[in-house]
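> sequence plus the predicted model coming up.
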Amino acid sequence: MRTRRALIIVFAAIAAACSPALDWREFSWREGGFAVLLPGKPRSESRPLVIDGVEVTMRMFSVRAEGLAFGVGYADFPPGGGAEAQARRIAATRDALVANIDGRLTAQGDVALERHRGIDFRATGRVRDTDYFVAGRVYAAGDRLYQLAVVGRADAATTADAELFLGSLRLLPP
């Protein structure tokens with residue numbers, strides 16, 4: 001665990017050197033059970049959403065920097081449902097994030113956060129005559145769903161910053 005934290009700090013320092021305008025710092029939210037690197041102080045909001053036919057409250061934290069929006073959020077589902085429900089929720093969340101830019105998937109792969117399953121994806125789209133991209137990850141950890149996304153104009157895309165952010169999520173002990 002310490003080794004992973006040390007690597008994240010090293011990667012944050014490297015990214016900060018490449019993107020001096022971004023102020024990378026670890027943000028943790030005990031209630032949501034997570035910590036993540038963000039390029040500044042996040043704003044918080046909650047909103048009701050329907051994911052896979054279930055109404056949940058998504059708690060989100062986001063930062064806008066360098067023409068990009070970095071966001072992390074989580075939602076708690078009613079107990080139960082199992083692996084099939086988790087897979088549907090992950091896919092529905094990915095699809096909603098891609099739909100935000102009227103996009104299409106360009107890449108997707110399986111990822112894991114500790115022992116929890118998830119997906120990593122990339123998409124491109126167009127909003128009001130401007131090309132956009134979204135890079136994201138969605139995980140199911142029991143009855144909780146986590147989403148991370150970097151969204152911005154295609155010409156603002158920085159792979160290093162997106163990868164640093166998406167790879168920094170860690171779960172906090174209960």
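Cool, got the structure.

> what values do phi and psi take at the residue nearest the centre of the chain?
Residue closest to the average C-alpha location in the chain (Cα atoms, centre = their mean): residue 148, at 0.4 Å. The phi/psi pair for residue 148 (degrees, to the nearest 10) reads phi -130, psi 140.

> could you do residue 162 as well?
According to degrees, to the nearest 10, residue 162 has phi -60, psi -50.

> repeat that for residue 85.
phi -60, psi -40.

> surely it touches residue 52?
Yes. Residue 85 lies in contact with residue 52 (Cβ atoms under 8 Å); the separation is 7.0 Å. To be clear about C-beta, it is placed using only N, CA and C from the backbone, and glycine gets the same treatment.

> give the residue farthest from the middle of the protein.
For the chain, the residue at maximal distance from the C-alpha centroid (Cα atoms, centre = their mean) is residue 129, at 25.2 Å.

> spit out the contact partners of it.
Listed by Cβ atoms under 8 Å, 6 or more residues apart in numbering, residue 129 has no contact partners.

> against residue 103, how distant is it?
Computed as Cβ to Cβ, to the nearest Å, the residue 129 to residue 103 distance reads 15 Å.

> just residue 142 next, same as before
29 Å.

> just want to know which of these two has more residues nearby.
Taking other Cβ atoms under 10 Å, residue 142 and residue 103 do not tie; residue 103 has more neighbours (21 against 11).

> specify the beta-bridge partners of the more buried one.
residue 125 (DSSP bridges).

> find me the pLDDT at it, would you?
Looking at residue 103, its pLDDT stands at 94.

> does it touch residue 132 like I think?
Yes. With contacts counted by Cβ under 8 Å, residue 103 reaches residue 132, the gap being 7.0 Å.

> common neighbours of the two, please.
Joint contacts of residue 103 and residue 132 (Cβ under 8 Å, 6+ apart) are 124-126.

> what's the first helix or strand after the least confident helix or strand in the chain by mean pLDDT?
The weakest-scoring helix or strand in the chain, judged by mean pLDDT, DSSP states H and E, is helix 2-18 (a mean of 40). Toward the C-terminus, helix 2-18 is succeeded by strand 25-29 as the next helix or strand (DSSP states H and E).

> coming back round to it: let me know the closest of the shared contacts of residue 103 and residue 132 to residue 59.
Set against residue 59, the nearest of these by Cβ to Cβ is residue 125 (25.1 Å).
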